[in-house]
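**Student:** Sequence below, structure please.
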Amino acid sequence: MRKRALATAACLVFLSLPAWPAGGGGGGGGGGGGIEVKNLDPNYVAAQASIKAEQWTDAIGRLTLVIQVDPNNADAWNLLGFAYRHTGDMDNSFKHYERALQLNPNHRDAHEYMGEAYLQVGRVEDAEKHLKALDKLCWLPCEQYTDLKEKIADYKRMHKS
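**Tutor:** Model prediction:
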């Protein structure tokens, strides 16, 4: 009964918040919040377009410029990890995801993408650690948790021994 009351209260609070424009999410965006001024940097915006067009090298170049100007931009570090992962450079991918999580340990996209990177190199247990982190970060089911959970299940089905 108490859990239901808490869930109801959380929903009411959530529904009473103002609607913010979508800021990121699935394709490699920010930590799941609204648009942030720091991410209106022209290179950041162009990098997002490059990622959508799967132009990984261009995205890496532009995001490198973003972090030179703003080294504390966890979203840019996360997207760098995302772009490097898609080029197959897993060492740089992990390095950049780790930096994003150092700057913002609650960065949901970085947890999701790092979990996916661990699956890519066959480290299921490490991917599951990021799923557990997302479970704690998401009061209600969030896209990042749901996506990573599905990918882990798919990985396990495909790699049954």
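
**Student:** can we go C-alpha only for contacts and neighbour counts from here?
**Tutor:** Will do.

**Student:** Where does the residue nearest the centre of the chain sit, in terms of helix or strand?
**Tutor:** With distances taken as C-alpha atoms, centre = their mean, D109 lies nearest the centre of the chain, 1.2 Å away. Following DSSP states H and E, one finds D109 within helix 108-120.

**Student:** L148 against E112, yeah?
**Tutor:** Yes: with contact defined as C-alpha atoms under 8 Å, L148 reaches E112; the gap is 5.8 Å.

**Student:** Between these two, tell me which one has more neighbours.
**Tutor:** The neighbour count for L148 versus E112, taken as other C-alpha atoms under 10 Å, is higher for E112 (27 against 23).

**Student:** Can you verify my assumption that the more buried one contacts E143?
**Tutor:** No: at 9.3 Å, E112 and E143 do not qualify as touching, with contact defined as C-alpha under 8 Å.

**Student:** Give the burial count for D70, as a bare number.
**Tutor:** Residues near D70, counting by other C-alpha under 10 Å: 14.

**Student:** Need phi/psi at it.
**Tutor:** Torsion angles at D70 (phi, psi; degrees, to the nearest 10) stand at phi -130, psi 80.

**Student:** what does R123 give?
**Tutor:** Here R123 shows phi and psi, under degrees, to the nearest 10, equal to phi -100, psi 70.

**Student:** Identify the residues contacting it.
**Tutor:** With contact taken as C-alpha atoms under 8 Å, 6 or more residues apart in numbering, R123 is in contact with no other residue.

**Student:** Give me the distance between it and P105.
**Tutor:** Note on R123: its distance to P105, by C-alpha to C-alpha, to the nearest Å, is 20 Å.

**Student:** follow-up on the earlier one: which neighbours do L148 and E112 have in common?
**Tutor:** L131.

**Student:** Report the secondary structure state of H130.
**Tutor:** helix (DSSP: H, G, I helix; E, B strand; the rest coil).

**Student:** Would you confirm that it contacts E112?
**Tutor:** Yes: here H130 reaches E112: they are 6.7 Å apart, a contact under C-alpha under 8 Å.

**Student:** Just after the lowest-mean-pLDDT helix or strand in the chain, pick out the following helix or strand.
**Tutor:** Lowest on mean pLDDT, DSSP states H and E among the helices and strands of the chain sits helix 2-16, with a mean of 39. Where DSSP H and E defines the elements, the next helix or strand beyond helix 2-16 is helix 42-52.
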